[in-house]
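J.: build me a structure from this.
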Amino acid sequence: MPFLGIGLHVLVALFFAVHALRSGQQIYWLFILFSFPLLGSIVYFLAIYLPNSRLEHTTRKVISSAAKSLDPTRELREARAAFDYTPTAQNQMRLALALLETGAAEEAANNYEACLKGPFASDPEIKFCASRALVESGRFALAIAHLEEIRAKDTNFRAEKVSLLLARALAGSGRNAEAKTEFESAEHRYGSFEVRAEYALWAAASGDITTATRLRAELENVVKRWNRSTRELNMPMIKRLNAADELIKRVS
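T.: Numbering: from 1, shown residues only. So this is what the prediction gives:
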């Protein structure tokens, strides 16, 4: 039995050593792992492996979601206070994001547009965030202009998000044929849950019941495999999809 215990410690240390090499960690981690197999592995797990793992990412999202539910306007209050005290572009961008996250899309869009008139006029991240706020506030034409400019300058910048937001903006402006093309392209290239969900919602609203039904069935299979925390994090989208189901039933 002691030999089994020693063997497991070494195997765990070897696992983390491989991880250290593949992730480009400092070479001294190998010395720590093999000089102190048990203690070294514990230290490596807490210091390096866990902070970069999906588990850590999910945990942070859960904590952030819980904090927002307990005090949903805290960040907005702090961001507004910071901007009032020091009205810099950075603080205005923070305020704009806080406004967008709390549903004040129109005010968020105005703040982002103000940022785009200064030294950050060509910043793609600000243009993208401005486009989000513009779409949410129904100002689709300007959102399309920003997104097309982003894509023209850098096709790799947030490619999936830009494609999805552009599809929504095109749909909102009544350019349904172009919206469908953009949704189809995003589904083919990325196929993420968010892309398929937004495509399904648009298809249901525009009367494309065949596409909406296909996507809804695919999404339902994905949701069935989720754990409880993942379901809770995606509950707003799930509720929107459930509402779309009722629309599909009425139309079909």
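
J.: from now on I want contacts and neighbour counts done on CA atoms only, so please keep to that.
T.: OK.

J.: got the domain ranges for this protein?
T.: 2-52, 72-173, 191-252 (automatic domain parsing).

J.: kindly reformat the ones you listed as CSV containing mean neighbour count.
T.: Compiled in CSV, the domains of the chain are given as follows (neighbours: other Cα atoms under 10 Å):
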stretch, mean neighbour count
domain 2-52, 15
domain 72-173, 19
domain 191-252, 16
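
J.: what's the closest of those to residue 185?
T.: Nearest to residue 185, of all these, is domain 72-173, at 8.1 Å by Cα to Cα.

J.: and the next helix or strand past the strand or helix carrying residue 149?
T.: Mapping residue 149 onto the secondary structure by DSSP states H and E places it in helix 140-153. Counting by DSSP H and E, the element after helix 140-153 in chain order, helix or strand, is helix 159-172.

J.: so how far is that next one off the chain centroid?
T.: For helix 159-172, the distance from its own C-alpha centre to the chain's C-alpha centre is 14 Å (Cα atoms, centre = their mean, to the nearest Å).

J.: what angle sits between that helix and helix 140-153?
T.: 150 degrees (axes from the mean of the first three to the mean of the last three Cα atoms, to 10 degrees).

J.: re the thing from before, tell me which of the domains of the chain approaches residue 180 most closely.
T.: Short answer: domain 72-173, nearest of those by Cα to Cα, at 7.3 Å.

J.: picking up where we left off before, distance to residue 182 added to the domains of the chain, as TSV?
T.: TSV is the format used below for the domains of the chain (distance: least, Cα to Cα, whole Å):
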stretch	distance to residue 182
domain 2-52	33
domain 72-173	5
domain 191-252	10
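
J.: looking at these, which is nearest to residue 181?
T.: Evaluated with Cα to Cα, these place domain 72-173 nearest to residue 181, the distance being 8.1 Å.

J.: picking that back up, comparing the domains of the chain by mean pLDDT, which bottoms out?
T.: Mean pLDDT is lowest for domain 2-52 out of those, coming in at a mean of 70.

J.: show me where the stretch 151-252 of the chain has helices.
T.: 159-172, 176-189, 193-206, 209-224, 228-233, 235-251 (DSSP state H, counting those that start in this stretch).

J.: what mean pLDDT does the second one have?
T.: Taken as a whole, helix 176-189 has a mean pLDDT of 95.

J.: and it, what's buried?
T.: 176, 179, 180, 182, 183, 184, 185, 186, 187 (16 or more other Cα atoms under 10 Å).

J.: for it, give me every contacting residue.
T.: 160, 163, 164, 166, 167, 168, 169, 170, 171, 195, 196, 199 (Cα atoms under 8 Å, 6 or more residues apart in numbering).

J.: ok, 7 Å please
T.: For helix 176-189, contacts defined as Cα atoms under 7 Å, 6 or more residues apart in numbering pick out 160, 163, 164, 167, 168, 170, 171, 195, 196, 199.

J.: export the residues you listed to TSV and tack on distance to residue 100?
T.: Below are the contacts of helix 176-189 laid out as TSV (distance: Cα to Cα, whole Å):
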residue	distance to residue 100
160	20
163	20
164	18
167	19
168	17
170	20
171	21
195	20
196	23
199	22
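
J.: closest to residue 147 among these?
T.: Using Cα to Cα as the measure, the one of these that approaches residue 147 most closely is residue 163, at 8.4 Å.

J.: what residues are up against that closest one?
T.: Residue 163 touches 182, 186, counting by Cα under 7 Å, 6+ apart.

J.: measure the most centrally placed residue in the chain to residue 191 for me?
T.: Central residue of the chain (Cα atoms, centre = their mean): residue 161, 8.4 Å from the mean position. Counting by Cα to Cα, to the nearest Å, the separation of residue 161 from residue 191 is 12 Å.

J.: could you do residue 78 as well?
T.: According to Cα to Cα, residue 78 and residue 191 sit 37 Å apart.
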